[in-house]
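Participant: okay, structure incoming, though there's no sequence with it:
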């Protein structure tokens with residue numbers, strides 16, 4: 001009975017597969033970002049996480065340049081998202097509320113989105129126009 005209960009609980013818990021990590025540079029700051037470069041990884045995002053390390057985040061690599069949008073369904077951590085174009089320039093930044101299904105969208109077509117703890121960009125005076133270094137390591141699969 002105990003083994004059965006454990007199996008049921010394990011199946012119900014969301015799985016966080018190990019994702020590749022890339023170092024990105026924003027000004028003098030270095031971010032260790034998990035890479036979400038598949039449809040499944042982008043759909044999962046940071047859902048069900050209870051915390052995110054101080055200079056850690058998740059970079060979403062999209063298959064095409066478009067007006068991509070993000071939301072916070074099943075996400076417990078307050079986040080900020082920077083939408084980044086193909087050239088590595090931050091287009092716009094949005095603060096997002098946990099468990100919200102409100103969409104936050106890029107102001108123009110982008111290839112990437114970087115989610116960090118809410119306020120991370122503002123606390124470091126990182127704003128639209130800032131270049132993100134290291135994105136060239138992220139080749140679409």
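Facilitator: Looks like it came in fine. All values derive from a computational prediction rather than experimental measurement. Residues are numbered from 1 along each chain as shown.

Participant: all helices of the chain, in order?
Facilitator: Secondary structure of the chain (DSSP state H): helices located at 2-12, 39-44, 120-123.

Participant: check the offset of the longest strand along the chain from the chain's centre.
Facilitator: Counting by DSSP state E, the longest strand found in the chain is strand 56-66. Counting by C-alpha atoms, centre = their mean, to the nearest Å, strand 56-66 is centred 7 Å from the centre of its parent chain.

Participant: partner strands of that strand, parallel or antiparallel?
Facilitator: Strand 56-66 has the following sheet partners, assigned by DSSP bridges: strand 29-36 (parallel), strand 110-117 (antiparallel).

Participant: please identify the most buried of those strands.
Facilitator: When you average the neighbours per residue for each of these (mean count of other C-beta atoms under 10 Å), strand 110-117 leads with a mean of 24. To be clear about C-beta, it is placed using only N, CA and C from the backbone, and glycine gets the same treatment.

Participant: pull the residues that contact it.
Facilitator: Residues from elsewhere that reach strand 110-117 (C-beta atoms under 8 Å, 6 or more residues apart in numbering): 24, 31, 33, 45-46, 52, 54, 56-62, 64-68, 70, 77-86, 91, 106, 132, 135, 138.

Participant: hmm, residue 50 is touching residue 76, no?
Facilitator: Yes. Residue 50 is in contact with residue 76 according to C-beta atoms under 8 Å; the separation is 5.7 Å.

Participant: for residue 47, which non-adjacent residue is closest in space?
Facilitator: If the residues on either side of it in the chain are set aside, residue 47 comes closest to residue 74, at 4.3 Å by C-beta to C-beta, 6 or more residues apart in numbering.

Participant: what about the one you found, how many neighbours?
Facilitator: 15 (other C-beta atoms under 10 Å).
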